[in-house]
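# no sequence for this one, just the structure:
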């Protein structure tokens, strides 16, 4: 209140000056964070490279050039080919599309479930809260590999969307707990009470009043979630539970190049996907870190 | 304390019950049954034989009866036969659990032996050069997925230098199966687990020590005229270890099933690899057993964390 008063007085004496919104202030703090800005640029570059894959390579990622199998990098195949003659560069570029899709959709999926369940649990408290928290406990203890077999036997396929569903269905308890904790703190605050008195329903209070309040924390958390999702895709591919090969994903390209011979003699096969995964995750984490500092400057670095 | 532990143990029962029910129902919903996997398709009059076997095994009984039957058998240690390996599940679990526990213990020793001292050194001189370098390095290392770290470890230590084996849990030759052989094989996967967690522990230790060193009783200790290192050792370090010990307890639970991906990558014959192979082979009895053990591991880990918390922090009272 005090700052608003001074701003008003200043604006009277000089020109009309609109005070900056919290989001605007956060953006300004973010823009001066060097690592975060570099990460945004690198990440954008990776996104553009993946989306523009058809423009950058004329190879189909699944086309088999049987005259050139296991080829080293050459003018024809810039990053060589695998044992079935598929072009590694094309697979790395197209793979990025799937990985970014998985990372993005799962983050949206999980944040949505987290907001609804965590929101309800934190808003109502009481037995609703206990019920949701017990479900979360259960999910934390439940072996998710099992869920993957069941789902793959039901749908009889292991495509990208099945993997997204599986990762989404198993990934929500952490976020749900977080949001529930935030909401338990918020539900007693004055603005929620005044919204209630004004006659707003629970959905309106949760989505119009409480979620915007914790948006900063949610955005930061969503960023870290996205990094985790991309890592999960690749990890599942490595043990053979990812998207069915030969669909190109970074995890599939990597896991197809993990035998002793390839590791030893063909670094162009496994190094690019490994670096792409690592750099993408590193960039997302730096961005998340930057966002956290921007939204909450008091957070100890 | 005793009553608290007993109460917590009893409190685990509903969760265990729910998990067994869910595992049982999922396996029930999955296609195929034991006899499809075992019976030789060449047998004459297959359908009638199968019918007889299904009746004798109670598979035509109501679901609750089958669950009751399975859970009683399970509790008595009769975990069924593996479809694909044609051995009792319990004889498969034994060595796998031993290997996984060895891996877990080695990883945990590395984590504690590196993570905590590094964190302490950082906290001794916060915002100094060492602290800054380690913090940045930790942040980068923390962002590298552990299986990619493992691939680089395999590339450098196993392929390039040839110091450590990158495959399996036991080797071949005269020394195969000895303790040294086991440790040798567990070294790289353990290091891969440890490197990432080390950064978590050093960060925790540093943060916790900085928190504690701002407390009033630390100032009092300095005011009494105690030397800096004594205050650090006796007043800061001991109190700063409380959250670390709790974190350690939670880690124990994850250790039983936590290394599934790395065990797959290293073909390390532990619980993780056993589960992966069972899932690929639709080997339901093995999946049920390992799933339950993973769940029990997590539950026991949480319990141990709470108990350790009470032991190291006398302010916590459970009544």
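Now that the structure is in, tell me what you want to look at. Since the structure is predicted, the reported quantities are computational estimates derived from the model, not experimental observations.
# Quick check: the residue of the stretch 151-300 of chain B found nearest chain A vs residue B:228, distance?
Closest approach of the stretch 151-300 of chain B to chain A (Cβ to the nearest Cβ) occurs at residue B:264, with a separation of 3.5 Å. (C-beta placed from N, C-alpha, C; glycine too.) In this view, residue B:264 and residue B:228 are 48 Å apart by Cβ to Cβ, to the nearest Å.
# just residue B:246 next, same as before
If you measure residue B:246 against residue B:228 using Cβ to Cβ, the figure is 27 Å.
# Which one's more surrounded, those two?
Set residue B:246 next to residue B:228 and count neighbours by other Cβ atoms under 10 Å in any protein chain shown: residue B:246 wins out with 18 against 11.
# The more buried one should be in a strand, yeah?
No: assessed with DSSP: H, G, I helix; E, B strand; the rest coil, residue B:246 is helix; it does not lie in a strand.
# in stretch B:157-174, what counts as buried?
Within stretch B:157-174, the residues scored as buried using 16 or more other Cβ atoms under 10 Å in any protein chain shown are B:157-158, B:164-166, B:169-171.
# Please apply the same query to stretch A:204-220.
Residues of stretch A:204-220 classed as buried: A:205-206, A:209-211, A:214, A:216-220 (neighbour count, 16+ other Cβ under 10 Å).
# Tell me how many other residues crowd residue A:198.
A count of nearby residues for residue A:198, using other Cβ under 10 Å, gives 9.
# what does residue B:49 give?
13.
# Please apply the same query to residue A:296.
Per other Cβ under 10 Å, the neighbour tally for residue A:296 reads 13.
# show me which of the buried residues of stretch B:157-174 neighbour chain A.
Restricting the buried residues of stretch B:157-174 to those touching chain A (Cβ under 8 Å from any Cβ of the partner chain) yields residue B:166.
# Let me know the average pLDDT across stretch A:83-93.
Confidence for stretch A:83-93, expressed as mean pLDDT, is 84.
# Can you get me the centre-to-centre distance for that stretch and its chain?
Here stretch A:83-93 shows a centroid-to-chain-centroid distance of 26 Å under the convention Cα atoms, centre = their mean, to the nearest Å.
# Span of it from start to end?
Criterion Cα to Cα, to the nearest Å; first-to-last residue distance in stretch A:83-93 is 18 Å.
# Spell out the secondary structure type for residue A:182.
In three-state terms, and counting by three-state DSSP, residue A:182 is helix.
# is it true that it touches residue A:215?
No: between residue A:182 and residue A:215 there is no contact under Cβ atoms under 8 Å: 10.6 Å.
# Return the per-residue confidence for residue 146.
Because you didn't say which chain, this covers chain A. Residue A:146 carries a pLDDT value of 64.
# Chain B, not that one
Confidence per residue is given as pLDDT, and for residue B:146 that number is 85.
# With the one 3 residues further on instead?
In this model, residue B:149 is scored at 89, pLDDT.
# and what of residue B:231?
We have a pLDDT of 88 for residue B:231.
# In terms of helices and strands, where is the closest residue to it other than its chain neighbours?
In space, and not counting its chain neighbours, residue B:231 is closest to residue B:221: 4.6 Å by Cβ to Cβ, 6 or more residues apart in numbering or on different chains. Taking DSSP states H and E as the criterion, the element that holds residue B:221 is helix B:216-223.
# which ones are touching residue 280?
Going with chain A. When contacts are counted by Cβ atoms under 8 Å, 6 or more residues apart in numbering or on different chains, residue A:280 is found next to A:43, A:46, A:99, A:227, A:230.
# actually it's chain B I care about, not the one you picked
When the contact criterion is Cβ under 8 Å, 6+ apart, the partners of residue B:280 are residue A:240.
# ok, so what distance separates residue A:222 from residue A:166?
The gap separating residue A:222 from residue A:166 is 19 Å, by Cβ to Cβ.
# higher neighbour count, the two?
Residue environment comparison for residue A:222 versus residue A:166 gives the larger neighbour count to residue A:166, 23 against 18, counting by other Cβ under 10 Å.
# pLDDT score for that one?
On the pLDDT scale, residue A:166 is placed at 81.
# helix or strand for it, which one?
For residue A:166, the host element (DSSP H and E) is helix A:160-186.
# Mind giving me the packing neighbours of that helix?
Using 3 or more Cβ pairs under 8 Å, 6 or more residues apart in numbering or on different chains; DSSP states H and E as the contact criterion, the neighbours of helix A:160-186 among helices and strands are helix A:88-113, helix A:119-124, helix A:126-141, helix A:144-155, helix A:215-238.
# and the residue of the stretch 201-301 of chain A found nearest chain B, how far is that from residue A:30?
For the stretch 201-301 of chain A and chain B, the shortest gap (Cβ to the nearest Cβ) falls at residue A:239, measuring 3.5 Å. With the distance defined as Cβ to Cβ, residue A:239 ends up 37 Å from residue A:30.
# okay, these two: which has more neighbours?
Neighbours per residue (other Cβ under 10 Å) separate residue A:239 from residue A:30, with residue A:239 holding more: 23 against 18.
# so where's the stretch 1-150 of chain A uncertain?
Applying pLDDT under 70 to the stretch 1-150 of chain A flags the ranges A:1-16, A:143-150.
# cool, the stretch 51-200 of chain B as well?
Counting by pLDDT under 70, the low-confidence segments of the stretch 51-200 of chain B come to B:57, B:172-175.
# Out of the buried residues of stretch A:204-220, flag the one nearest to residue B:67.
residue A:206 (38.3 Å; Cβ to Cβ).
# Residue 58 - how many residues pack around it?
I'll assume chain A. Residues lying near residue A:58 (other Cβ under 10 Å) number 9.
# sorry, should have said chain B
A count of neighbours around residue B:58, defined by other Cβ under 10 Å, yields 13.
# Check residue B:269 too.
Neighbourhood size, residue B:269 [other Cβ under 10 Å]: 20.
# Give the full set of residues in contact with residue A:236.
Remark: with contacts taken as Cβ under 8 Å, 6+ apart, residue A:236 is in contact with A:148, A:163, A:167, A:242, A:251, B:261.
# what two of those residues are the furthest from one another?
Pairwise distances across these peak at 15.0 Å for A:163 and B:261 (criterion: Cβ to Cβ).
# The two: which has the busier surroundings?
Regarding residue A:163 and residue B:261, a neighbour count based on other Cβ under 10 Å identifies residue A:163 as having more, with 27 against 24.
# Next one, pLDDT for the more buried one please.
In the predicted model, residue A:163 carries a pLDDT score of 83.
# Surely it is in contact with residue A:243?
Yes: distance between residue A:163 and residue A:243: 5.4 Å, which falls inside the contact criterion (Cβ under 8 Å).
# Identify the contacts common to those two.
By Cβ under 8 Å, 6+ apart, the residues touching both residue A:163 and residue A:243 are residue A:233.
# got the phi/psi numbers for residue A:187?
When read as degrees, to the nearest 10, the backbone of residue A:187 gives phi -60, psi -20.
# wait, it sits on residue A:121?
No: between residue A:187 and residue A:121 no contact is recorded; they are 10.7 Å apart, counting by Cβ under 8 Å.
# between the two, who's got more neighbours?
When neighbours are counted by other Cβ under 10 Å, residue A:121 comes out ahead of the other of residue A:187 and residue A:121, with 25 against 17.
# now that one: how far from residue A:135?
Distance from residue A:121 to residue A:135, counting by Cβ to Cβ: 9 Å.
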